[in-house]
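In: Sequence and predicted model, in that order:
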Amino acid sequence: MSTASIRAIKKAYPESYLACMVPKRCVEVLSGNPNLDEIIVFDEKDTHKWLFAQIRFILELKKKKFDIAFLFHRSFTRALIPFLAGIPQRIGYCTKKRGMLLTRKIALPQDDIHRLDYYLNIPESYGVKSDGRYYEFFISDDDREFIDIKLKELGVKKNDFVVVINPGGNWAPKRWPKGNFAALSDRLINELGAKIIISGADKDVELANEISAMMLTKPLILAGKTNLKQLGALMESADLVISADSGPMHIAAAMGTDLIALFGPTKATLTGPLGKGKIAIIQPEVGCEIPCYKENCPRNRCMEAISPDYVFQEVKRLR
């Protein structure tokens, strides 16, 4: 969600050398971004776990002679590093104990705002203007070719109505029941002639197979068969993506694909998808406090309240 801010900064300073400091796990998310000149890896849980490694990192950062640091992360450490690296201007939210490390202190928003806007506030406080509330994910032609070949092998034709369903998620309460995915997919196949592709990571292969076993007409399964960039290419090639709140949901939005997002325990106004495609967010009111972080919720009624029929009607509306 920081890519809108990165894009705005580069547009404001097109001749600048713009780098982004991220942990190792985020490198693939930003790789290939044309607005970035460098991705700097700082991983305090791995490579830079020890004090000596952190000191060496700070000394290397100091050699680069950056002029400005926009601090999207609000931790004390993320403010301390550019301070010790001697970066003259350090702009970020004035959170506990780090105000003295900042040259421009931004008050935390009084109300809940979308995470994209939370980041955009930081460069905007410096006079940088936003050019749109959408985020981006960049892939290569090789990624597109890989998916083209996969889809041809699976018998998908250019004129097919291709629907990617993403049933996984990083924690169970955000997942839509697998029986609902199966019922919806069968109906999309039978009534709209859709080609259903189930996406996901290696850990989602079993879930994809379980959904397939519940269906009358078998879907195409690419769960566990793509990396993150190839997943982006798959989302881009689809006519529609149906997903619960998850990383792949945001990738689909970033690729500009039409999207139906199924929200339950998380708050769509804070982390809902933002992209250039048509987006429908379904979040029924069930009387629970949202957001909810009960990982062992006994009922999960917020997700169960979303019926396959309701989602099917949304599909027809977006077509």
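Out: Here it is on my side, so go on.

In: Okay, the spatially most central residue of the chain and Ser16: tell me how far apart.
Out: When Cα atoms, centre = their mean is applied to the chain, the residue found nearest the centroid is His250 (3.5 Å). Distance of His250 to Ser16, given as Cβ to Cβ, to the nearest Å: 26 Å. For the C-beta atoms, the positions are set from N, CA and C on the backbone; glycine is no exception.

In: separation between Asn170 and Met249?
Out: 11 Å.

In: Between the two, point out the one with more neighbours.
Out: For the pair Asn170 and Met249, the greater number of neighbours falls to Met249 (26 against 10), based on other Cβ atoms under 10 Å.

In: List the residues that contact that one.
Out: Counting by Cβ atoms under 8 Å, 6 or more residues apart in numbering, Met249 touches Asn166, Val241, Ser243, Leu259, Ala261, Pro273.

In: What is the burial count for the closest residue in space to the first one that isn't next to it in sequence?
Out: Think Asn166. Among residues not flanking Asn166 along the chain, Ser243 sits closest, at 3.7 Å (Cβ to Cβ, 6 or more residues apart in numbering). Neighbour count of Ser243, defined by other Cβ under 10 Å: 26.

In: mind exporting the helix or strand containing Ser243 as PDB, just the C-alpha atoms?
Out: In the assignment (DSSP states H and E), Ser243 maps to strand 240-244. The C-alpha coordinates for strand 240-244 follow below in PDB (Å, rounded to 0.1, in the frame of the first residue of the first chain):
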ATOM      1  CA  LEU A 240     -12.500 -11.500 -12.400                       C
ATOM      2  CA  VAL A 241     -10.900 -12.400  -9.100                       C
ATOM      3  CA  ILE A 242     -12.900 -13.500  -6.100                       C
ATOM      4  CA  SER A 243     -10.900 -13.400  -2.800                       C
ATOM      5  CA  ALA A 244     -11.200 -12.900   0.900                       C
END
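
In: That one - what's its average pLDDT?
Out: Summarised as a single mean, pLDDT over strand 240-244 is 97.

In: who touches stretch 48-63?
Out: Contacts for stretch 48-63 (Cβ under 8 Å, 6+ apart): Ile40, Phe42, Asp43, Glu44, Thr47, Ile81, Pro82, Leu84, Ala85, Gly86, Ile87.

In: Over to stretch 25-37?
Out: 3, 6-7, 9-10, 17-20, 22, 39, 41, 43, 136-140, 227-229.

In: 10 Å - rerun?
Out: For stretch 25-37, the surrounding residues in contact (Cβ atoms under 10 Å, 6 or more residues apart in numbering) are 2-3, 5-11, 14, 16-20, 22, 39-41, 43, 45-46, 136-140, 143, 227-229, 232, 247, 250-251, 254.

In: Just the buried residues of the helix or strand of the chain with the lowest mean pLDDT, please?
Out: Counting by mean pLDDT, DSSP states H and E, the chain has its least confident helix or strand at helix 301-304, which shows a mean of 88. For helix 301-304, the neighbour count (16 or more other Cβ atoms under 10 Å) marks Cys302, Met303 as buried.

In: How far away from the center of its chain is that helix?
Out: Between the centre of helix 301-304 and the centre of its chain there are 22 Å (Cα atoms, centre = their mean, to the nearest Å).

In: helices or strands up against it?
Out: Here helix 301-304 touches no other helix or strand, going by 3 or more Cβ pairs under 10 Å, 6 or more residues apart in numbering; DSSP states H and E.

In: Using PDB, list the CA coordinates for it.
Out: Extracted in PDB, the C-alpha atoms of helix 301-304 (Å, rounded to 0.1, in the frame of the first residue of the first chain):
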ATOM      1  CA  ARG A 301     -20.500 -15.900  11.400                       C
ATOM      2  CA  CYS A 302     -19.200 -12.700   9.600                       C
ATOM      3  CA  MET A 303     -17.800 -14.900   6.800                       C
ATOM      4  CA  GLU A 304     -20.600 -17.400   6.900                       C
END
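
In: Can we start the residue count at 31 from this point?
Out: All set: I'll call the first residue 31, so the last point we hit is now helix 331-334.

In: what does that helix contact?
Out: Applying Cβ under 10 Å, 6+ apart, the contact partners of helix 331-334 are 199, 202-207, 210, 274-275, 292-296, 313-318, 320, 322, 327.

In: run the last query once more with 6 Å
Out: Applying Cβ atoms under 6 Å, 6 or more residues apart in numbering, the set of residues contacting helix 331-334 from outside is Trp206, Gly294, Pro295, Val316, Cys318.

In: ranking these by neighbours, who comes first?
Out: Counting neighbours by other Cβ under 10 Å, Gly294 comes out on top of the contacts of helix 331-334 with 28 neighbours.

In: distance of the nearest residue to that residue once chain neighbours are set aside from Ile152?
Out: The shortest distance from Gly294 to any non-neighbouring residue, by Cβ to Cβ, 6+ apart, is to Cys332 (3.5 Å). Computed as Cβ to Cβ, the Cys332 to Ile152 distance reads 32 Å.
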